[in-house]
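1. okay, here's the prediction I keep looking at, along with the sequence it came from:
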Amino acid sequence: MYLKINLRDEDFIEFNSFYIMKSAKGKRSILFGRVSILIVAILATVIFFAANANSKFIIAEAVVLLAIGVIWFLFYPRMIKNNIAKRVRKVRRDGGLPYESEVELNFLDDVIIEKTATTSRETPYSDFKEITQTDQYIYLAKHTQESMIIPLRCVEDKNAFLAFLREKIK
C-alpha cells in the first residue's frame, strides 16, 4: 500500500493539540490551568471576607471573579491550541519546520518506508505502540510524543487501510 502525504501546518497543530488534550500529562496540565483561576477567585473572596470588606463589594467581586473563572475554564483548551499554532508558525518563519511537508509512505509486509526529499527511513511495525483515529487523522504512535501523522484526506479506502494497520500493529 502506498500513500503520498502533503502535511500542512494545521495537521501538525491538530496532532499536538490532540496529544495535549488526550495524554495523561496533558490532561493534568489542562485541569490545573482550568482550576487555578477558580482557586484564585475563591482565595481572593475569602481574603476580602476575612478583612471585613463591605459585603456588597465581596458579592460583586465574587460574581466578577466567578464569571472570569467560568470563561477561563471554558476557553482554556482553545487558548492552548492557539498557542500551539502560534509556535508552529513561528518555527516555520524561522525556517525550522518540525516535520517534512511532502512524505511518501510505502506500507510493506514488515516495515513502513518513509521517504522525504532529504531522507529515507524504514520503520518496523513493531516500533509502533498504538493506532489512534480521529475524524480527520490516523496517528501511529511510536512513543509518547512521536507519531506518524496520516491525514485521512490522503487515504482512498479508510476502512481497508485501518484494517491493514490493525493487522500489522498489535
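-> Alright, I've got the coordinates. Numbers count the residues shown, from 1 in each chain.
2. what residue spans form the domains of this structure?
-> Domain ranges of the chain: 11-94, 100-168, per automatic domain parsing.
3. go through those and find the least confident stretch.
-> Across the domains of the chain, domain 11-94 has the smallest mean pLDDT, namely a mean of 85.
4. quick check: buried residues in the lengthiest helix in the chain?
-> Using DSSP state H, we find that the single longest helix of the chain is helix 55-94. For helix 55-94, the neighbour count (16 or more other C-beta atoms under 10 Å) marks 58, 61-62, 65, 69, 72, 76, 80-81, 84-85, 88 as buried. All C-beta atoms are positioned from the backbone trio N, CA, C, and that covers glycine.
5. closest one of the residues you listed to D9?
-> V88 (5.4 Å; C-beta to C-beta).
6. quick one, what contacts that closest one?
-> By C-beta atoms under 8 Å, 6 or more residues apart in numbering, V88 lies in contact with 9, 12-13, 16, 98.
7. for S147, same thing?
-> Contacts of S147 by C-beta under 8 Å, 6+ apart are 15, 19, 132, 139-141.
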